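Visitor: got a structure for you, letters missing:
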């Protein structure tokens, strides 16, 4: 996040309109918005809307490096938004930009949760939490056995629109058609996701041929499997061959932390300079 000093003073509304978003990286696909509808812009706007005094000359530039596929059920959009929210707060502090008490109050996170139900989770210091409601009611958990767990993740060449999947959950409840599996290791969203994207059934069938217990990640379309040991390259190679249209295949150790805002930059006469090589919170791609 960079404050670009172009010598122009702007009021609050002008600042919101002048945000400059740049999206790049291996998961910067065409469906990721490059305009103010992107969650990072909306999260930054939540903070800038609470300005109480004049801002310095310039405008906010956001550089979003995408590692997590969109519409994959992996929390990419929510982690982006949370990092932008934290980074904008930090940038305002570094620039001595006055914000309302509301912006700094304990209830302001509810506005962030309205952008994405997963957003509050990414503020959990340990990276582990029990989430209720839409995901916005957080009970923090200490680091535990999952620290050493390995997960294989497959994101097929399908997309699951989050809002549509959740709408299918509500529709299914009213119609009484959703089936809930017995095991504790389950994702109750899968039945709704299958109704929205029936092609997921074939994805699951092909994954089950590999053995193990696969679970839908979030609202889909990714699936993951907990491993007993680090999978060899032959497994990942087989999965890539089985899903030639895949958007992602990889094995990960549980990260155990939230998001990281990679850098915050402030203006000098010579242009922007980095003040933080790494902030507390990055889009979790490790």
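Guide: All right, it came through fine. Being a predicted model, the structure only gives us computed values, none of them experimental.
Visitor: in the stretch 151-286 of the chain, which spans are strands?
Guide: Secondary structure of the stretch 151-286 of the chain (DSSP state E, counting those that start in this stretch): strands at 214-216, 223-227, 248-253, 264-268, 271-276.
Visitor: Confidence-wise, which of those is weakest overall?
Guide: For the strands of the stretch 151-286 of the chain, mean pLDDT drops lowest on strand 271-276, to a mean of 40.
Visitor: gap between the two ends of stretch 42-59?
Guide: Counting by Cα to Cα, to the nearest Å, you get 15 Å between the two ends of stretch 42-59.
Visitor: what comes up buried for it?
Guide: Across stretch 42-59, burial judged by 16 or more other Cβ atoms under 10 Å covers 42-51, 55, 58-59. Backbone N, C-alpha and C define where each C-beta goes, glycine included.
Visitor: distance between stretch 33-41 and the chain's centre?
Guide: Put simply, stretch 33-41 sits 13 Å off its chain's centre (Cα atoms, centre = their mean, to the nearest Å).
Visitor: Give me the buried stretch members for that stretch, please.
Guide: 38-41.
Visitor: Name the residues that touch that stretch?
Guide: Contact with stretch 33-41 is made by 16-17, 19, 21, 23, 32, 42, 45, 62, 64, 77-78, 80-81, 83-84, 115-116, as judged by Cβ atoms under 8 Å, 6 or more residues apart in numbering.
Visitor: ok, now stretch 225-245?
Guide: 149-152, 154, 156-157, 185, 203, 206-207, 210, 212-215, 246, 249-251.
Visitor: can you give me the helices for the chain?
Guide: 12-18, 39-48, 76-94, 101-104, 109-115, 162-175, 190-196, 200-208, 233-242 (DSSP state H).
Visitor: lowest-confidence stretch among these?
Guide: Looking at the helices of the chain, the bottom one is helix 101-104 with a mean of 73.
Visitor: what's the distance between residue 241 and residue 233?
Guide: Separation of residue 241 from residue 233 (Cβ to Cβ, to the nearest Å) stands at 12 Å.
Visitor: Ok, residue 42 next?
Guide: Taking Cβ to Cβ, one finds residue 42 at 40 Å from residue 233.
Visitor: Likewise for residue 29?
Guide: 25 Å.
Visitor: Of the two, which one has the most company?
Guide: residue 29 (14 against 8; other Cβ atoms under 10 Å).
Visitor: quick one: contacts for the more buried one?
Guide: Counting by Cβ under 8 Å, 6+ apart, residue 29 touches 66, 69-70, 247.
Visitor: Is there a quick PyMOL command that grabs whichever of the residues you listed are buried?
Guide: Listed next is the PyMOL selection for buried residues among the contacts of residue 29, using 16+ other Cβ under 10 Å:
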select buried, resi 66+69+70+247
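Visitor: from the contacts of residue 29, which single one is nearest residue 224?
Guide: residue 69 (13.0 Å; Cβ to Cβ).
Visitor: Is there a neighbour count for residue 254? I'd like the number.
Guide: Applying other Cβ under 10 Å, we find 18 residues neighbouring residue 254.
Visitor: Residue 151 is in contact with that one, correct?
Guide: Yes - the pair residue 254 / residue 151 is scored as a contact, 7.1 Å apart, by Cβ atoms under 8 Å.
Visitor: So residue 103 is in contact with residue 44, correct?
Guide: No - using Cβ under 8 Å, residue 103 makes no contact with residue 44, being 12.0 Å away.
Visitor: what's the closest of the buried residues of stretch 33-41 to residue 198?
Guide: Closest approach to residue 198 among these (Cβ to Cβ): residue 39, at 27.6 Å.
Visitor: I'd like the distance between the closest one and residue 123.
Guide: 15 Å.
Visitor: before we move on, what about residue 113?
Guide: Separation of residue 113 from residue 123 (Cβ to Cβ): 10 Å.
Visitor: next one: residue 193
Guide: 26 Å.
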